[in-house]
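Colleague: sequence first, predicted model second:
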Amino acid sequence: MKVYLDNAATTRLDPRVLAKMKPYLSDKYGNASSIHSLGQEAFLELQKAKESVAKLLNGEAESVIFTSSATESNNLIIKGVALANQAKGNKILVSNIEHPCVRESANELARAGFVVEFVPVNSEGLVTPEELEKLIDKETILVSIMTVNNEIGTIQDIAALAKIAHKHGAYFHTDAVQAIPYLKIDIKKMGIDLLSLSAHKFYGPKGVGLAYIGKGIKVKPLIVGGGQENGMRAGTYNLPGIMGLVFALELAYKERATYLKHVKSLKDYFWQKIKKEISGVKLNGSATKRVPANLNIMFGSIEGEAILMDLSYKGVCVSTGSACSATDLRASSVLKAIGLNKNYLNSNIRFSFGRYNTKKELDYTIKCLKDTVKRLRSFSPIK
Amino acid sequence: MKVYLDNAATTRLDPRVLAKMKPYLSDKYGNASSIHSLGQEAFLELQKAKESVAKLLNGEAESVIFTSSATESNNLIIKGVALANQAKGNKILVSNIEHPCVRESANELARAGFVVEFVPVNSEGLVTPEELEKLIDKETILVSIMTVNNEIGTIQDIAALAKIAHKHGAYFHTDAVQAIPYLKIDIKKMGIDLLSLSAHKFYGPKGVGLAYIGKGIKVKPLIVGGGQENGMRAGTYNLPGIMGLVFALELAYKERATYLKHVKSLKDYFWQKIKKEISGVKLNGSATKRVPANLNIMFGSIEGEAILMDLSYKGVCVSTGSACSATDLRASSVLKAIGLNKNYLNSNIRFSFGRYNTKKELDYTIKCLKDTVKRLRSFSPIK
Amino acid sequence: MALNYTKKTVDHFLHPHNIGEIKKPDGYAQIGNMVCGDQLDFFLKVEKGKIKDVKFLSFGCASNIATASLMTEKVKGMTIEAAKKYKWEKIVSDLGGLPHQKVHCSVMAVQGLKKAIADYEKRQETEKAKPTKVVMKVIVKKVTVKAKKKKTTKK
Amino acid sequence: MALNYTKKTVDHFLHPHNIGEIKKPDGYAQIGNMVCGDQLDFFLKVEKGKIKDVKFLSFGCASNIATASLMTEKVKGMTIEAAKKYKWEKIVSDLGGLPHQKVHCSVMAVQGLKKAIADYEKRQETEKAKPTKVVMKVIVKKVTVKAKKKKTTKK
Ligand SMILES: Cc1ncc(COP(=O)(O)O)c(C=O)c1O
Ligand SMILES: Cc1ncc(COP(=O)(O)O)c(C=O)c1O
């Protein structure tokens, strides 16, 4: 049996989304910058796509920029806003549980002379308004705090944090990659100025992301050239990808309630079983303020990657945290940030559930997991 | 009848390429950075893809970086090489017929304090070794000259130009976007250090490009984060797109002879007919050193965009030059660069032929074109 | 670049009204030039202070042709005084909108019309003296610069 | 990250040889620790200058387990002198290669073995004096630092 419980790393493209992309992968192949009919038809579809996104997210169509990934969006926004707004100040605040692409963008700014500070989180993985208030000042250009963490699923109080940023005249960005399809992002209500999404995290295609850049916010583009996206992001429009992203987002919003119920029931079932059948386990992160798809579990006295590999050979795909390849330090900086005992830092597995998982798959996974844990513990030196 | 003669702007995805992408759009959806089996299978396919590319282009697999477009590749290479090699010098040379994404990247460097010079071309659109020799010096970090121009199809003598760059200790980059599937790019033989490609220009998918970065060449990454592509380009690998690019490139190399014959016969047929049936026309650019798919034609005393639109309403898609949206100046800087009489600068149409065009389509196009030219000339103030 | 012309604009491009020349016009003006990418020549026939006939020639893009076509249709029959107050915004709204990078075409059309009216009025003043070619060229140059400025700020 | 282990490595991970403890070992060493992400404990039984038995415990990743398994298999029966010359490169080649970011595992396994041999030799010298827990901890710390350094440069 094959079981995929790594839906936070990437999801399987929804066949309905692929069907929607098909015409753009055949007849509708025009370059949306061309002024002949095939090009202009593509351009009109692009405009409509932006309007759909704006409606879903409650933002403005002109603020929607399509990119190749959330990584690109985060690089564009973090570096671009900082570099274009030096008249406003020289300080950037990002939480210390951000994805590497936000962290590395911030580090690049630090090397370029900006003051970059990392806002700590509490033991639940939450940035508190108090901590943000402590670090923010009138030099602060931008505050970037992810909506949902990719490793432990923690949900931040974005509206409250955005309000603090605005009070001090700073822009507020949120990496909302892991929020879809769990939360109903509402740009205006939440006070979001800038936002990033990646289609493949919500059953859309790989290779397409979104950057929302609020009206009037100056951003230095990352990729210059043919003037596409109002000069904010050059390169021939990837229309099949864009149409896929937009339709996947529509499905996410439309089917949200059913989806949430499904993954929550899977998660509850799985966690109850694990707690009952495997000893020495502990949930990492907030038990309540987290998306229902995420379980990050510590398995005492055995090493995470060994668990992962052992399960993988049994057909079960899980993760030790993030799917990033640049893990210079094996231990998760997110788990460090929430203050996990350092003896536990290398014993964690992230299970992330999704649309296509079934209870049967979970039963199989539990069976495998029991064997794996038992085997690895049988020769662990840690008592 | 619908006729698409704008294959230099973008091409229709080859159904065989789409078929090759299909598995990655369904079952093989793993994140190539994940260490479980689904991820590692994807990673191995990625490696194999790079080896295939390296073999085709006669380069090294480790030097192949997948991006979202040639625009991104050009930005990465031009800006990244300059910024990472300031110890070598502070000068960048690019030809003055480069695509806007190269030009704008160079302009960004100029604003950052680099010395940027634009190498002129002769009336055929060629950079001569003499002109390059005149401008290059020991401060020169990088020389960037496109293999084939997008507007007039001129083919540069890349091997000779690369040799000059190397003689002066500079790296040589070529934007080879318009070269495939016309030329057999051979990285080692031609002495290319850095190269850019875009899949959708050779019947591959939109949203995927390639940057070739020769071994040992330092490049500051544009997009940082999860460490993908050896830290050179972060973001979840777009495997469907990558597999599409690679297969399209394989087809281009394999079927090159047939393809060339096909487009050359179309071009010759079309140009002969036009010369015979329409007065006041002139070919822009070199008659011999150009790819056979490109015809850039001046139609005396009428305006290019009007011709384009009139043809478009008849179902024929052509272009006035490039498909870029940021044409602040209507007139083509490429045509200016080859010294076209300024009275002719706004009267040009680019026809670019491709795999799916037929002689019947061309007959229809000629018929339309005769009507269009006749009509527009009937009320032109230019005698 | 969005070039989604309205049906009306397309109609005027494909089937322009009032194209051609008027032999011995009462007023004439050329605006723009082929180096800048668009040129319009207007010809006026005036009777009893009214535009009895108006025609144009165009070297220009689809919206250059369409705006001139619509405008000439609208001002034909108007008094010179009314035509002098005709605004480019009227062309845009009558066409049902223009892509924003094409708005300058309507501006140029109106400028050309006004130039032709000015030529007519000048001829009236100096009844016998026909404007020489040299004078005309100077006028054209000035106008071109203006039109170009408008274009770049709009794009 | 490429983690395409060879079939042999996978076999050693899924079915490791020589796992467990030896009661009253002649030599013992712990290398690495759980904070750094991998730890190996080696137990030696020595007879007539030869490794009669060797066992290990592991808190570590798949290749940590596999390299220790292969190494113990190879050195069992060897003379102490030969075992002291055993090289990590041998593990890598015997496994048919290791992903480059996992090579440090083989280095650590060999270091652990040598530490255990050193412990054996020390016990031989000071026949009666058993190494105290405190001394052992110091040794472990030193080794950890070394191993960590290797790891970061290799990754
Ligand atoms: C929170 C978060 N931000 C950003 C990213 C980057 O997404 P992508 O790799 O699609 O660019 C990811 C996923 O890897 C993520 O989980
Ligand atoms: C010569 C050349 N370079 C670069 C590009 C940019 O390609 P893309 O839009 O796919 O990034 C193009 C096409 O627009 C081109 O013709």
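Modeller: Good, I have the coordinates. Ligands and ions are numbered 1, 2, ... in the order given.
Colleague: A:Met309 - nearest residue in space that isn't next to it in sequence?
Modeller: Sequence neighbours aside, D:Ala62 is the residue nearest to A:Met309 in space, at 4.1 Å (criterion: Cβ to Cβ, 6 or more residues apart in numbering or on different chains). Where C-beta positions appear, they are placed from N, C-alpha and C, glycine not excepted.
Colleague: next: A:Asn294.
Modeller: Per Cβ to Cβ, 6+ apart, closest to A:Asn294 is A:Gly153, 2.9 Å.
Colleague: and what of C:Lys45?
Modeller: C:Asp53 (3.9 Å).
Colleague: now do the one you found, the pLDDT please.
Modeller: Per-residue pLDDT puts C:Asp53 at 98.
Colleague: restricting to C-alpha, output the host helix or strand of it in PDB.
Modeller: Using DSSP states H and E, the element containing C:Asp53 is strand C:50-59. What follows is strand C:50-59, C-alpha atoms only, in PDB (Å, rounded to 0.1, in the frame of the first residue of the first chain):
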ATOM      1  CA  LYS C  50     -20.500  75.000 -40.500                       C
ATOM      2  CA  ILE C  51     -18.300  72.000 -41.300                       C
ATOM      3  CA  LYS C  52     -19.900  70.900 -44.500                       C
ATOM      4  CA  ASP C  53     -17.400  68.100 -45.100                       C
ATOM      5  CA  VAL C  54     -14.400  66.700 -43.400                       C
ATOM      6  CA  LYS C  55     -12.100  63.900 -44.600                       C
ATOM      7  CA  PHE C  56      -8.900  62.400 -43.300                       C
ATOM      8  CA  LEU C  57      -5.900  60.300 -44.300                       C
ATOM      9  CA  SER C  58      -4.100  58.100 -41.700                       C
ATOM     10  CA  PHE C  59      -0.700  56.600 -41.200                       C
END
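Colleague: hey, where'd the strands end up in chain C?
Modeller: Ranges of strands within chain C are C:27-33, C:38-47, C:50-59, based on DSSP state E.
Colleague: same question for the stretch 151-300 of chain A.
Modeller: A:171-175, A:194-198, A:209-213, A:281-283, A:294-299 (DSSP state E, counting those that start in this stretch).
Colleague: most tightly surrounded among these?
Modeller: Among the strands of the stretch 151-300 of chain A, strand A:194-198 has the highest mean neighbour count (mean count of other Cβ atoms under 10 Å in any protein chain shown), at a mean of 29.
Colleague: quickly run through the sheet partners of it, with directions.
Modeller: For strand A:194-198, the paired strands and their directions (DSSP bridges) are strand A:171-175 (parallel), strand A:209-213 (antiparallel).
Colleague: now those as JSON lines including mean pLDDT?
Modeller: Listed next are these as JSON lines, based on pLDDT from 0 to 100:
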{"stretch": "strand A:171-175", "mean pLDDT": "98"}
{"stretch": "strand A:209-213", "mean pLDDT": "98"}
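Colleague: can I get the ones you listed in TSV including distance to C:Tyr120?
Modeller: What follows is the strands paired with strand A:194-198, written out as TSV (distance: least, Cβ to Cβ, whole Å):
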stretch	distance to C:Tyr120
strand A:171-175	57
strand A:209-213	51
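Colleague: CSV please, covering those strands and showing distance to ligand 1.
Modeller: Converted to CSV, these look like this (distance: least, Cβ to the nearest ligand atom, whole Å):
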stretch, distance to ligand 1
strand A:171-175, 5
strand A:209-213, 6
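Colleague: what is the mean pLDDT for stretch A:354-372?
Modeller: Averaging pLDDT along stretch A:354-372 gives 98.
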